[in-house]
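[1] A predicted structure for the sequence below; I have some questions about it.
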Amino acid sequence: MAGPSGIGKTTLAKILSEDLNIPFISGSYSELVPSTKDVKHEDMIKKNTQDILQEDIDLFRKRRDIFNNAIEFISDRSFVDNIAYHINKLSYQVDESDITIFIDACIQSLATIPTHLIFIPYRADMIDSFKIEDNHKRIINPWYQIQISSLMTTIITQLLNKTFMTKDNYKSMVSKEDGLKVLVLLTTNLEERVNITKQFLTDES
């Protein structure tokens, strides 16, 4: 799963895990690094540059290792998340070459570990109709979520070279290319999300 915080990734991943009998692996920062469980997101991104850089590298490695050791799984986070949040936090503080090295490592993992990627974007037209989940940790300003979502869209379309065809009456889009299969969920309805994603994951055509 990829998408900004509070969009419904974990809820969807857990339902799919149970319905399809595929193990769920949490990729959440607070699950992989328990010391961050009670730390607010806004405080995490206010740390000094080197601390943020090292924490991002450590999180990437933890996700990569746990995903790499699983035969079949569904997770609520992806390496697209690693890239988007890394760029958002550090693009104006860290040398371009350092960011490129990090991004290249994430892209390599995207090319070798997952077979499917489900991206749930947050759009400006959702501000009045979709409530971002408030867990008292995440930044719930919708314009921040749009910024993260926009970064993820750029990563998927440009870094992963994906183009899409619209399906399901504009409720979803699927990638046209071979290799990593990508689904973009446009609907905010949970039942539709579940049904569309199940079809996407089980479609062998």
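    The structure has been received and is ready for your questions.
[2] residue 149 against residue 2, yeah?
    No: when contacts are counted by CB atoms under 8 Å, residue 149 is not listed as touching residue 2 (9.5 Å). (C-beta placed from N, C-alpha, C; glycine too.)
[3] these two - which one has more neighbours?
    The residue with more neighbours, out of residue 149 and residue 2, is residue 2; 29 against 23, by other CB atoms under 10 Å.
[4] which parts of the longest helix along the chain are buried?
    Using DSSP state H, we find that the single longest helix of the chain is helix 49-68. Residues 52-53, 55-56, 59-60, 63-64, 66-67 are the ones in helix 49-68 that count as buried (16 or more other CB atoms under 10 Å).
[5] give me the sheet partners of the following helix or strand past it and which way each runs.
    Per DSSP states H and E, helix 49-68 leads on to strand 74-75 as the next helix or strand towards the C-terminus. In the sheet, strand 74-75 lines up against strand 24-25 (parallel) (DSSP bridges).
[6] off-centre distance for the strand it pairs with?
    14 Å (CA atoms, centre = their mean, to the nearest Å).
[7] also stretch 186-193?
    The answer for stretch 186-193 is 17 Å, by CA atoms, centre = their mean.
[8] could you do stretch 99-118 as well?
    In this view, stretch 99-118 has its centroid 12 Å away from the chain centroid, taken as CA atoms, centre = their mean.
[9] okay, helices next: where are they in this protein?
    Counting by DSSP H, the segments of the chain that form helices are 9-20, 29-32, 41-44, 49-68, 79-90, 96-112, 142-154, 190-202.
[10] how about those, which one is nearest residue 121?
    Nearest of these to residue 121, taken as CB to CB: helix 142-154 at 4.6 Å.
[11] that closest one: which residues count as buried?
    So, applying 16+ other CB under 10 Å, buried residues of helix 142-154: 142, 144-146, 148-153.
[12] of the helices of the chain, which is nearest residue 129?
    Once the helices of the chain are compared by CB to CB, helix 142-154 is nearest, at 10.9 Å.
[13] CA atoms only: put the closest one into PDB for me.
    The C-alpha trace of helix 142-154 is given here as PDB (Å, rounded to 0.1, in the frame of the first residue of the first chain):
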ATOM      1  CA  PRO A 142      -5.300  18.100   4.300                       C
ATOM      2  CA  TRP A 143      -2.900  20.300   2.400                       C
ATOM      3  CA  TYR A 144       0.000  18.400   3.900                       C
ATOM      4  CA  GLN A 145      -1.600  15.100   2.800                       C
ATOM      5  CA  ILE A 146      -2.100  16.500  -0.700                       C
ATOM      6  CA  GLN A 147       1.600  17.500  -0.900                       C
ATOM      7  CA  ILE A 148       2.600  13.900   0.100                       C
ATOM      8  CA  SER A 149       0.100  12.500  -2.300                       C
ATOM      9  CA  SER A 150       1.400  14.600  -5.100                       C
ATOM     10  CA  LEU A 151       5.000  13.400  -4.400                       C
ATOM     11  CA  MET A 152       3.800   9.800  -4.500                       C
ATOM     12  CA  THR A 153       2.000  10.400  -7.800                       C
ATOM     13  CA  THR A 154       5.300  11.800  -9.200                       C
END
